[in-house]
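# Make a model of this:
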Amino acid sequence: MSMEKSEINSLVMTGIGKTFPGVRALNDVDFKLRCGEIHALMGENGAGKSTLIKVLTGVYIMDEGSIRLDGAPVVIRSPQDAQKLGISTVYQEVNLCPNLTVMENLFIGREPRKMGLIDWKQMSHDASELLQRLNILADPAAQLDSCSIAIQQMIAIARAVNTKCKFLILDEPTSSLDADEVKKLFALMRQLKEANVGIIFITHFLEQVYEICDRITVLRNGELVGEYEVENLPRLELVKKMMGKEIEVLSDLSVNKDSAMFEDEVPMVEARDLSSGPSMVAPFSLKMYKGEVVGFSGLLGSGRSELVRAIYGADRAVQGQLYIKGKSTRIKKPLDAMEQGMAYLPEDRKADGIFGELSVRENIIIALQAKQGVFKRLTHKEMEQYADEYIQLLNIKTASRETPMKSLSGGNQQKVILARWLLTNPEFMILDEPTRGIDIGTKTEIQKLILKLASEGKSVAFISSEMDEMIRTCSRMVVMRDRCKVVELTGSELNQSTIMRTIAGGDAE
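Residues are numbered from 1 along each chain as shown. Down below sits the predicted model:
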């Protein structure tokens with residue numbers, strides 16, 4: 001069989017399928033990367049980007065499909081196989097040794113030797129030459145952890161390049177960088193592109209995609225949406241393809257709540273130029289009132305979670321002021337927020353929310369116990385009463401209050417975390433993706449609960465990737481883009497068309 005001309009100097013993945021227990025992570029996905037191009041791999045959370053990359057780099061073995069390099073089939077069953085084929089990855093979290101020098105990190109496992117010993121002089125010379133060639137301003141003898149995150153990223157890329165990589169995967173490399181650092185990274189990426197390296201660029205920043213990429217592949221729910229030339233795909237169209245929504249006004253879902261009714265009240269929470277640093281969220285001002293549900297919308301990585309984390313103290317604010325009921329307040333840590341009547345249901349409930357080995361009872365009472373302190377211990381009887389009350393109130397499906405949390409379904413785990421925070425009787429609740437990954441019936445119950453909380457006078461900050469439920473439950477919408485608060489939408493502006501155009505920004509037509 002003759003090699004297709006179009007496959008020379010390219011990496012082609014065809015019909016890739018990958019299934020985990022109960023989850024079809026990838027279904028018949030095609031992807032093509034050419035040498036000398038920067039190719040964006042885009043998609044919201046759960047789209048399949050990470051799984052596809054892990055298949056390509058040998059972390060996962062695909063169930064179906066094939067991979068070809070320069071037209072020839074290849075088998076990738078381990079990261080070592082990928083590296084031998086010239087495929088390298090630089091992750092968001094730099095995978096180097098911070099306690100070693102720059103040059104040791106560049107040549108670890110491949111150190112130049114003389115008479116069986118490491119030739120330090122040669123290593124220093126080779127490192128200086130490599131760094132100079134790639135315009136990376138770093139001292140080869142400096143310890144890696146003395147370098148900025150941006151320089152560490154570039155050193156990781158330099159190491160990949162020096163192993164003669166032909167295809168480079170950059171997984172969220174700009175997430176912790178400021179604007180100047182991003183410019184330097186992009187300069188290096190362009191230099192590698194000129195050297196005929198093919199680059200897969202994974203990012204959530206639309207501006208960056210349109211600044212540096214040649215083509216875009218979009219995945220959604222483990223399937224290929226399409227492959228596009230950047231100049232032929234306006235930003236609004238990209239957002240539509242990622243979110244799977246058509247631009248239309250769904251008037252039947254619009255909420256008829258007038259946010260102006262709150263303006264004469266003292267805000268429950270007010271932020272004035274609050275920021276947790278340039279790599280987290282840009283300075284923002286915001287007021288949230290008693291009895292109001294405020295939505296936070298934007299693509300994954302837009303800064304929605306970072307904004308509420310700055311308010312709650314999960315990410316420490318570096319500037320600005322926070323006021324609770326009109327009183328200036330300093331929140332240095334989540335316990336401070338709890339004492340001010342706040343509650344926070346995190347986005348990643350497995351990492352930040354559940355204690356899998358503990359019982360349902362222990363998971364429900366843990367926040368209340370922390371709030372009361374070690375000198376006001378709850379009795380075992382009180383714990384049982386609280387657990388039973390909220391298991392019944394939220395219809396939590398569990399064999400008993402002593403069932404290990406890890407045994408519950410995702411939806412019931414979510415209800416337990418809600419119960420935990422409701423038990424502290426908060427005045428201000430932050431709900432970050434409370435309905436993700438749970439069944440339709442439970443979603444409806446949680447949406448009704450959110451509206452009930454507001455009717456009881458609580459203030460609710462609500463983050464969801466599902467726009468329909470945001471429109472149903474929120475009286476006001478804060479739109480985020482590239483970690484900046486862009487605008488607040490109210491009243492008739494709360495429709496899919498306006499929200500998605502605002503999320504997209506730029507050339508929305």
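
# Identify each buried residue in stretch 396-410, please.
Buried positions in stretch 396-410, judged by neighbour count with 16 or more other CB atoms under 10 Å: 396, 398, 401, 403-405, 408. In this view, the C-beta of every residue, glycine as well, is placed from N, C-alpha and C.

# swap that for stretch 417-436, please
With burial defined by 16+ other CB under 10 Å, the residues of stretch 417-436 counted as buried are 417-424, 426-436.

# ok, back up a step: spell out which two among the buried residues of stretch 396-410 are the most distant pair, please.
Spanning the widest gap among the buried residues of stretch 396-410 are I396 and P404, at 13.7 Å by CB to CB.

# who touches both of these two?
Counting by CB atoms under 8 Å, 6 or more residues apart in numbering, the common neighbours of I396 and P404 are V360.

# and the nearest residue to R190 once chain neighbours are set aside, how far is that from Y60?
Leaving aside its chain neighbours, R190 sits nearest to I212 (7.3 Å; criterion: CB to CB, 6 or more residues apart in numbering). In this structure, I212 and Y60 are 28 Å apart, going by CB to CB, to the nearest Å.

# Just give the number of residues close to R77.
Neighbourhood size, R77 [other CB atoms under 10 Å]: 11.

# Next: N196.
Around N196 there are 12 other residues, counting by other CB under 10 Å.

# Helix or strand for the closest residue to R215 other than its chain neighbours, just tell me which one.
Of all residues not flanking R215 in the chain, H39 sits nearest, at 5.0 Å (CB to CB, 6+ apart). Following DSSP states H and E, one finds H39 within strand 38-42.

# what pairs with that strand, and is each one parallel or antiparallel?
Strand 38-42 has these partner strands in its sheet, going by DSSP bridges: strand 198-202 (parallel), strand 215-220 (parallel).

# Please identify the deepest-packed of those.
strand 198-202 (a mean of 24; mean count of other CB atoms under 10 Å).

# Now do the contacts for the residue nearest the centre of the chain.
The centroid of the chain falls nearest to G301 when counting by CA atoms, centre = their mean (4.9 Å). Applying CB under 8 Å, 6+ apart to G301 gives the contacts 172, 175, 203-205.

# what helix or strand is it on?
G301 is part of no helix or strand, with elements assigned from DSSP H and E.

# From V486, how far out is it?
To V486, G301 is 14 Å away according to CB to CB.

# try M280
Taking CB to CB, one finds M280 at 17 Å from V486.

# quick one on the thing from earlier: isn't the residue nearest to R190 up against I199?
No. The pair I212 / I199 is not scored as a contact, 9.0 Å apart, by CB atoms under 8 Å.

# Surely T89 forms part of a helix?
No. Checked against DSSP: H, G, I helix; E, B strand; the rest coil, T89 lies outside a helix; its state is strand.

# quick one: average pLDDT of the host helix or strand of L274?
Assessed by DSSP H and E, L274 sits inside strand 269-275. Strand 269-275 carries an average pLDDT of 93.

# Partner strands of it, with direction?
Sheet pairing here is set by DSSP bridges, and for strand 269-275 it gives strand 284-288 (antiparallel), strand 319-324 (antiparallel).

# Show me the protein divided up by domain.
The chain is divided into the following domains under automatic domain parsing: 5-243, 255-341+427-434+456-509, 348-425.

# possible to save those as a markdown table with distance to T444?
Formatted as a markdown table, those follow (distance: least, CB to CB, whole Å):
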| stretch | distance to T444 |
| --- | --- |
| domain 5-243 | 21 |
| domain 255-341+427-434+456-509 | 9 |
| domain 348-425 | 11 |
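
# Quick check: which of the ones you listed has the most neighbours on average?
For the domains of the chain, the largest average neighbour count (mean count of other CB under 10 Å) is found in domain 255-341+427-434+456-509, namely a mean of 19.

# where's the spatially most distant residue from the centre of the chain relative to E104, distance?
Checked against the mean C-alpha position of the chain, the extreme residue using CA atoms, centre = their mean is M115, at a distance of 48.5 Å. Using CB to CB, M115 is found at 19 Å from E104.

# Can you give me the end-to-end span of stretch 162-172?
Using CA to CA, to the nearest Å, the gap from the first to the last residue of stretch 162-172 comes to 21 Å.

# what's the answer for stretch 135-146, then?
End to end - CA to CA - stretch 135-146 spans 18 Å.

# which residues touch that stretch?
For stretch 135-146, the surrounding residues in contact (CB under 8 Å, 6+ apart) are 96-103, 105-106, 123-124, 127-128, 131, 147, 151-152, 154-155, 158, 187-188, 191.

# And the strands in the stretch 301-450 of the chain?
Counting by DSSP state E, counting those that start in this stretch, one finds strands in the stretch 301-450 of the chain at the ranges 319-324, 327-329, 342-345, 428-432.

# Quick one: mean pLDDT for the shortest one?
On average, the pLDDT along strand 327-329 is 93.

# swap in the third one?
In this model, strand 342-345 carries a mean pLDDT of 88.

# strands paired with that strand, and their directions?
Counting by DSSP bridges, strand 342-345 is paired with strand 428-432 (parallel).

# next one: the shortest one
Based on DSSP bridges, the pairing partners of strand 327-329 within the sheet are strand 319-324 (antiparallel).

# looking only at pLDDT, what's the mean for the strand it pairs with?
On average, strand 319-324 scores 93.

# what about it, distance to the chain center?
Mean-position distance between strand 319-324 and its chain equals 25 Å (CA atoms, centre = their mean, to the nearest Å).

# Not counting it itself, show me its contacts.
267-275, 283, 311, 328-331, 340-341, 428.

# hang on, the earlier thing: shared neighbours, I212 and I199?
With CB under 8 Å, 6+ apart as the test, I212 and I199 both reach 38, 189.

# in the chain, which helix or strand is least confident?
Here the helix or strand of the chain ranked lowest by mean pLDDT, DSSP states H and E is helix 440-455, holding a mean of 78.
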